[in-house]
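[1] Show me how the following folds:
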Amino acid sequence: MRIPGRATLAGTVRFAARALSTLHTAAAEGSPSLSTAPEGGFRLALGLCLSSIGFGTYQGEASDQVDACYREALALAIRLGCNVLDTAPNYRGQRSEIVLGQVVTDLIAAGQVTREELVIASKGGYIAYRLTRPADPAQYIYDTLVAPGIVDPEDLAGGIHCLAPDFLSYQISSSLRNTGLRTLDIYYLHDPEIQLAFVDRTTFRRRLQLAFARLEEEVAAGRIGCYGVAAWEGLRRPPVSEEYLNLEEMLRLAREVAGPQHHFRAVQFPLNPVMLEAATLRNQPARDGLVPSLAAAREAGLTVIVSAAAMQGQRPARVLNILQQAFPTLESDIQRALQFTRSLPGVTTALVGMTCPDHVRENLALLAWPSAAEKAEWVARALAR
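    Presented below is the predicted three-dimensional model:
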């Protein structure tokens, strides 16, 4: 049986109040009091209250051992105050989605959390194998997607990526089945810039438009709450790059499909002290020229969920020194990197992969700290020199 419901404002505020014991609710009808949301640990976005540290599920091998590590770490993270959970079917052969669903189901059954308290996101675009890579991937794609009529071979980009409407609906169904949910709160087109290595921009825009139209239908059907784009390269590349994505253009396509009440509401891109482009590279058109993707998203009212927030194991000495100067009272390099990323104006949630309980505790300790926008901006300027 699928878990009904989706994240709500009342539910996510209740989760934040329980996690921090500082969020108040209006007395009259138990309605959330928006003015008292703690700016450091939780942020108001998408009409919800999101933890400023989110749980990512990309890392690790597709193995039972890593599944067990994720299961323990994810359950602990939710108990400690993380309510933004991010996954994708191509992460670890769909295992990350399956484990996330198992953990959420178990915690709900135990009465430790409710579905309305969690903001759960997945993605569509990449061809996803199940559990293990097949011996013959081309045959798998034909048998699973082409022969049933889900995908036309012409819609496959490099044999690995597809934005065709029926494929996206197929992937949403798969993600809902894997997670055991009836609704995903956020659904991203996963690295759509992959398409640009195989089709011209006119074809690409048409594919995006058709994809947005189908995702609007999925919102209306109650299978997703809203949608957006999760890009690894496209939003941190200059406009002349083949992989470049234009936020203004994507929002225009969404408006053409669904009018001003469209549900394109979130973007995701890498941002950390060693991957600064989304915060510093002026590549998105704005009223006064070009601005970085982070600023453009903020100006457009989009919710920004940042990936790779903990530097992905990179620790250049110069970067660590600057972070130490900015955040001397924090205990570790990872905490300082996360504090920098989540404190940048415009960032709602910083995602970090966690498979070790000690790392979960270390990272989520930041929820008790206020954000530090001025220090984060100083770090960005210092690193960009």
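[2] Mind checking the pLDDT average for the helix or strand harbouring Ile322?
    Counting by DSSP states H and E, the element that carries Ile322 is helix 317-326. Average pLDDT, helix 317-326: 95.
[3] list the helices and strands whichever helix or strand comes after it packs on?
    Using DSSP H and E, the helix or strand that follows helix 317-326 towards the C-terminus is helix 333-343. In terms of contacts (3 or more Cβ pairs under 8 Å, 6 or more residues apart in numbering; DSSP states H and E), helix 333-343 is packed against helix 317-326, strand 347-353, helix 357-364, helix 373-384. Where C-beta positions appear, they are placed from N, C-alpha and C, glycine not excepted.
[4] Would you convert the ones you listed into JSON lines that also reports distance to Arg177?
    Converted to JSON lines, these look like this (distance: least, Cβ to Cβ, whole Å):
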{"stretch": "helix 317-326", "distance to Arg177": "42"}
{"stretch": "strand 347-353", "distance to Arg177": "23"}
{"stretch": "helix 357-364", "distance to Arg177": "27"}
{"stretch": "helix 373-384", "distance to Arg177": "40"}
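[5] Surely Ala350 and Phe55 touch.
    No: Ala350 is not in contact with Phe55 according to Cβ atoms under 8 Å; the separation is 10.8 Å.
[6] Just the buried positions in the longest helix seen in the chain, please.
    In the chain, with assignment by DSSP state H, the single longest helix is helix 201-220. Within helix 201-220, the residues scored as buried using 16 or more other Cβ atoms under 10 Å are 204-205, 207-208, 210-212, 214-219.
[7] Please enumerate the helices of the stretch 101-250 of the chain.
    Taking DSSP state H, counting those that start in this stretch as the criterion, the stretch 101-250 of the chain carries its helices at 137-141, 165-179, 201-220, 247-258.
[8] Dump these to TSV, plus mean pLDDT and distance to Arg92.
    TSV is the format used below for those (pLDDT from 0 to 100; distance: least, Cβ to Cβ, whole Å):
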stretch	mean pLDDT	distance to Arg92
helix 137-141	86	16
helix 165-179	97	11
helix 201-220	98	24
helix 247-258	98	28
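[9] could those go into JSON lines alongside distance to Arg6?
    Output for the helices of the stretch 101-250 of the chain, formatted as JSON lines (distance: least, Cβ to Cβ, whole Å):
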{"stretch": "helix 137-141", "distance to Arg6": "31"}
{"stretch": "helix 165-179", "distance to Arg6": "12"}
{"stretch": "helix 201-220", "distance to Arg6": "11"}
{"stretch": "helix 247-258", "distance to Arg6": "19"}
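[10] Figure out which of those is closest to Ile78.
    Ranking the helices of the stretch 101-250 of the chain by proximity to Ile78 (Cβ to Cβ) places helix 165-179 first, at 14.0 Å.
[11] What is that closest one packed up against?
    helix 95-109, strand 119-124, strand 184-190, helix 201-220.
[12] What residues of that helix count as buried?
    Here helix 165-179 shows 165-172, 174-176, 178-179 as buried, counting by 16+ other Cβ under 10 Å.
[13] which residues touch that helix?
    2, 87, 89, 94, 97-98, 100-101, 104, 120, 122, 124-125, 128, 145, 149-151, 155, 182-184, 187, 189, 210-211, 213-215, 218, 223-224 (Cβ atoms under 8 Å, 6 or more residues apart in numbering).
[14] Now find how far off-centre stretch 251-271 is within its chain.
    How far stretch 251-271 lies from its chain's middle: 15 Å, per Cα atoms, centre = their mean, to the nearest Å.
[15] hmm, I was thinking of stretch 291-311
    That offset, for stretch 291-311, works out to 11 Å (Cα atoms, centre = their mean).
[16] what about that stretch, how long is it end to end?
    Its first and final residues considered, stretch 291-311 spans 23 Å by Cα to Cα, to the nearest Å.
[17] any residues touching the lowest-mean-pLDDT helix or strand in the chain, and which ones?
    Across the helices and strands of the chain, mean pLDDT, DSSP states H and E gives its lowest value to helix 137-141, namely a mean of 86. If you take Cβ under 8 Å, 6+ apart as the criterion, helix 137-141 is touched by 127, 129, 134, 151, 156, 159.
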